[in-house]
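Undergrad: missing the sequence, but the structure's below:
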């Protein structure tokens, strides 16, 4: 009986959140090692299907860096990074597109449909909703060419919104087309932030293999449960936030600047962390808001 009462209390706690977020768009970025474990991925997709079932409008943007590096190695291609960005020649782009679209994106859509919701794959081999331009990095005033690497300048938000209204989960790969139709490899965190901004999402959630933002990167118990935009910028300036956390935080700040009320960084390796972050009073990661 006690267990049944506990379950009922959990449902009652979730009720207010379900009512509050009904019909609202939540952009979820998937990345890191959570993409490598089928069990973990199924837990996350179950959370996504739950959200969709109770009336929320989840939109997924995913990465796939480790799978791409592995596929390149198997193809005999050297993996090159320039200032933390993957150099992408045409042979590399072919591998990137195959892994992101044919392997990862299609699989995510299949899992969502197996769990009971409708999904639509959106990428450069089907319906592309991301558009951009070639990205150059700066090195003491000199332009650094990264090959077919781009930055997002426009999102076909109308198509994504129509899919959401049709009770379908959009699953977006971080590949864009430029104004000539050429394909561009984009950073998945950055792409997800642009999608959240374009959709004016109610929430932006970065799901990865990190507990959130830590005061001490080496101390898992130093996770910051909530922070303001001002706090985040101060932590960037003093070096508390650096390396792999920077693009995640930058994506969150981009979403906030566009009017998204709240951004979250959570660890997807914990079962149903997505639901716990959205549908409970406690949360499991770092909440960032204006």
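TA: Cool, got the structure. Remember, it's a predicted structure, so these values are computed and weren't measured experimentally. Numbers count the residues shown, from 1 in each chain.

Undergrad: use CA for all of it now, contacts and neighbours both
TA: Fine.

Undergrad: which parts of the helix or strand containing residue 194 are buried?
TA: Secondary-structure assignment from DSSP states H and E places residue 194 in helix 188-199. Within helix 188-199, the residues that qualify as buried by neighbour count (16 or more other C-alpha atoms under 10 Å) are 188-199.

Undergrad: ok, which stretches of this protein are helices?
TA: With DSSP state H as the criterion, the chain has helices at 2-21, 38-53, 65-74, 90-97, 106-114, 157-165, 188-199, 229-237, 245-257, 273-279.

Undergrad: Let me know the average pLDDT across stretch 157-176.
TA: With pLDDT averaged residue by residue, stretch 157-176 scores 98.

Undergrad: can you list the weak-confidence ranges in the stretch 1-150 of the chain?
TA: Confidence mapping of the stretch 1-150 of the chain against pLDDT under 70 gives the ranges 1-2.

Undergrad: ok, now the stretch 151-290 of the chain?
TA: Residues of the stretch 151-290 of the chain that meet the cut-off, pLDDT under 70, sit at 280-283.

Undergrad: got a list of what residue 171 touches?
TA: Contacts here follow C-alpha atoms under 8 Å, 6 or more residues apart in numbering; on that basis residue 171 touches 59-62, 105, 108-109, 119-122.

Undergrad: How about residue 249?
TA: Residue 249 makes contacts with residue 232, as judged by C-alpha under 8 Å, 6+ apart.

Undergrad: So it versus residue 28, what's the distance?
TA: Distance of residue 249 to residue 28, given as C-alpha to C-alpha, to the nearest Å: 14 Å.

Undergrad: quick one: contacts for residue 187?
TA: Applying C-alpha under 8 Å, 6+ apart, the residues contacting residue 187 are 63, 85, 151, 174.

Undergrad: Please repeat the previous calculation with a cut-off of 10 Å.
TA: With contacts defined as C-alpha atoms under 10 Å, 6 or more residues apart in numbering, the neighbours of residue 187 are 62-63, 65, 85-86, 149-152, 174-175, 247.

Undergrad: And for residue 254?
TA: Neighbouring residues of residue 254 by C-alpha under 10 Å, 6+ apart: 190, 192-197, 248, 260, 263.

Undergrad: hmm, back to that, so which of the helices of the chain comes closest to residue 135?
TA: With C-alpha to C-alpha as the criterion, residue 135 lies closest to helix 188-199 of the helices of the chain, at 12.4 Å.

Undergrad: if we can go back for a sec, let me know the closest of the buried residues of helix 188-199 to residue 227.
TA: Using C-alpha to C-alpha, these come closest to residue 227 at residue 193, 17.8 Å.

Undergrad: If we go by neighbour counts, what in the lengthiest strand in the chain is buried?
TA: Looking only at the chain and at elements set by DSSP state E, the strand with the highest residue count is strand 142-155. Residues 146-152, 154-155 are the ones in strand 142-155 that count as buried (16+ other C-alpha under 10 Å).

Undergrad: same deal with stretch 68-75?
TA: Along stretch 68-75, the positions that meet the burial threshold by neighbour count (16+ other C-alpha under 10 Å) are 68-69, 71-72.

Undergrad: Now tabulate those residues in CSV and tack on distance to residue 210.
TA: Rendered in CSV, the data for those read as follows (distance: C-alpha to C-alpha, whole Å):
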residue, distance to residue 210
68, 20
69, 20
71, 24
72, 25
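
Undergrad: Could you single out the nearest of the residues you listed to residue 170?
TA: Comparing every one of these with residue 170 (C-alpha to C-alpha), the shortest separation belongs to residue 68, at 21.8 Å.

Undergrad: Does that closest one touch residue 96 like I think?
TA: Yes - using C-alpha atoms under 10 Å as the test, residue 68 is close enough to residue 96 to be in contact (5.8 Å).

Undergrad: quick one on the thing from earlier: take the buried residues of helix 188-199 and write them to CSV, including distance to residue 207.
TA: Written out in CSV, the entries for these read as follows (distance: C-alpha to C-alpha, whole Å):
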residue, distance to residue 207
188, 12
189, 10
190, 14
191, 14
192, 11
193, 13
194, 16
195, 15
196, 14
197, 17
198, 19
199, 19
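
Undergrad: which among those residues gets closest to residue 216?
TA: Nearest to residue 216 among those, counting by C-alpha to C-alpha, is residue 189 at 22.4 Å.
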